[in-house]
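Enquirer: The sequence isn't on hand, but the structure is:
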DNA sequence: GTCTATAAACTGATAGAC
DNA sequence: GTCTATCAGTTTATAGAC
């Protein structure tokens, strides 16, 4: 299952020459993403996915060996991308505060770009943790987490972040905050609470950067200017 | 469905005189709570619930008319309790900052006390939003949200909170933060990231109070002492 | 109040025609 | 690559014996 990854996919796409880049297989993945994110993996049936792309359920099994293989293909790239992004930003030659701002922005952008995949990773985390086939997923998230912690430690060493903050609670809280914030941003207008709100992604990003920085900045630095995020190549 | 509420329940319990207060019906609710919170409502089968309490699936329908009625009974009390608690704290005669600290603490305590119910309310929110039978649930959450906002507005008027914070984003972020924080606290040890962490509820509470207050306090107040929460009757 | 037994629909997945 | 047809098992829910 895990061997049939993005490489095979890229090859197929290149060959197909589809203008929209969306062959049936991609449509299946898109429909499954939507269903898994909205109703959960366990509560989604292969028939619902098939119906969404106007195909009979049996035909899905020409493209994928199992329902789990569909799930795997949806979440793998997103998780590895998140890990690579975090590691890359942590390795930049810049101040810790600027790297943190950059990481918040880039994470939030990625979360909104591929929200369904990240929502699934978050919602089904207990399933992934129990499944040996998805161990790579948990490892990728651990690597991303470690990159965040490294930046935090740097900032404390530089004296820009409070030395007394709890690394673990701070980072895991921020990561969950961004994941759920992105989910709300994309999907939850229409709840009674969300009645009058609509924000741009940039506004949301500014909010989270401010919220986080005010919490973790060293004493006395509270009202210094917030650094601009780094521009990635 | 919605008519068979806590009143009927209390009556039954009083009559039963069960020492542990746990008749079969309560055991069914407890098993369903665990399953719904862990695997989701849609992914849980009535047979699994029945197996957990060593009863055949058909027997569940003596106690509940449908699977949804089980869900309803699990989430109703928790949601109404949360609303009442928020309204009560918001109405206290005290400073806004102290009320906010109290609300964070009491919410976190309630979240851990009845975590499964709150986890279900959060995870199945899209389902609840679509269902007319659960409209009361969304209304209760809106009322709780409004109570938080009222405290925030008070604090801004008193000059203890920053006047430029976004009421909506701030409160919805804090509420999600506490919900997910409680969920992690109770269940997520064992994830790769969670390896070495174990905290007391009080420590967790202090962390969130600090994290939140540093973010929303008016300029210059960052390092003032954090007020003790009010003691509720 | 729990059981047996079952209905009627749905589940993930397969075989083979086209 | 999609279809038809189907398997074996499971789903929510019901009827009626005990």
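Expert: Sure thing, it's come through. Source: prediction; values computed, not measured.
Enquirer: so how many other residues sit close to the residue of chain A at minimum distance from DNA strand C?
Expert: Nearest to DNA strand C in chain A, going by Cβ to the nearest atom of the strand, is residue A:58, at a distance of 2.7 Å. Where C-beta positions appear, they are placed from N, C-alpha and C, glycine not excepted. Neighbouring residues of residue A:58 were enumerated by other Cβ atoms under 10 Å in any protein chain shown; the total is 10.
Enquirer: same thing with residue A:232?
Expert: 11.
Enquirer: can you pull the contacts of it?
Expert: Residues in contact with residue A:232 (Cβ atoms under 8 Å, 6 or more residues apart in numbering or on different chains) are A:88, A:89, A:102, A:106.
Enquirer: now the last one, nearest residue through space, not along the chain?
Expert: Nearest non-adjacent residue to residue A:106, counting by Cβ to Cβ, 6 or more residues apart in numbering or on different chains: residue A:85, 5.8 Å away.
Enquirer: Check which helix or strand the one you found maps to.
Expert: Counting by DSSP states H and E, the element that carries residue A:85 is helix A:67-90.
Enquirer: Repeat that for residue A:50.
Expert: Residue A:50 belongs to helix A:46-52, assigned by DSSP H and E.
Enquirer: so what does that helix touch, helix or strand wise?
Expert: Applying 3 or more Cβ pairs under 8 Å, 6 or more residues apart in numbering or on different chains; DSSP states H and E, we find helix A:46-52 packed against helix A:24-39, helix A:57-63.
Enquirer: Identify whichever of those helices lies nearest to residue B:155.
Expert: Closest approach to residue B:155 among those is made by helix A:24-39 (36.1 Å; Cβ to Cβ).
Enquirer: Any residue of the closest one touching chain B?
Expert: Yes. Helix A:24-39 lies within reach of chain B by Cβ under 8 Å from any Cβ of the partner chain, at A:38, A:39.
Enquirer: Show me what counts as buried in that helix.
Expert: A:24-33, A:35-39 (16 or more other Cβ atoms under 10 Å in any protein chain shown).
Enquirer: What of stretch A:168-184?
Expert: For stretch A:168-184, the neighbour count (16+ other Cβ under 10 Å) marks A:168-184 as buried.
Enquirer: Considering only those residues, which also neighbour DNA strand D?
Expert: When those are checked against DNA strand D using Cβ under 7 Å from any atom of the strand, none falls in range.
Enquirer: show me the residues around residue A:199 that make contact.
Expert: So residue A:199 contacts A:185, A:207, B:169 (Cβ under 8 Å, 6+ apart).
Enquirer: From residue B:124, how far out is it?
Expert: Distance, residue A:199 to residue B:124, using Cβ to Cβ, to the nearest Å: 25 Å.
Enquirer: How is chain A divided into domains?
Expert: The record's domain parsing of chain A by automatic domain parsing lists A:6-67, A:74-216.
Enquirer: Going by mean pLDDT, which of the ones you listed comes out lowest?
Expert: Ranked by mean pLDDT, those end with domain A:6-67 at the bottom, a mean of 84.
Enquirer: The residue nearest to residue A:106 touches residue A:108, doesn't it?
Expert: No. With contacts counted by Cβ atoms under 8 Å, residue A:85 stays clear of residue A:108, the gap being 11.4 Å.
Enquirer: Between the two, point out the one with more neighbours.
Expert: Comparing residue A:85 with residue A:108 by other Cβ under 10 Å, the one with more neighbours is residue A:108, at 22 against 19.
Enquirer: wait, what's in contact with that one?
Expert: Residue A:108 neighbours (Cβ under 8 Å, 6+ apart): A:178, A:181, A:182, A:201, A:204, A:205, A:208.
Enquirer: try 10 Å this time
Expert: Residue A:108 makes contacts with A:178, A:179, A:181, A:182, A:185, A:201, A:202, A:204, A:205, A:207, A:208, A:209, as judged by Cβ atoms under 10 Å, 6 or more residues apart in numbering or on different chains.
Enquirer: Assign the second one to helix, strand or coil.
Expert: To tie it back to what came earlier, the one meant is residue A:179. Under DSSP: H, G, I helix; E, B strand; the rest coil, residue A:179 falls in the helix class.
Enquirer: Show me where chain A has its helices.
Expert: All helices of chain A, identified by DSSP state H, fall at A:6-16, A:24-39, A:46-52, A:57-63, A:67-90, A:96-113, A:115-123, A:125-130, A:135-158, A:167-187, A:201-216.
Enquirer: Quick check: residue A:44 touching residue A:68?
Expert: No. Using Cβ atoms under 10 Å, residue A:44 is not in contact with residue A:68; the gap is 11.9 Å.
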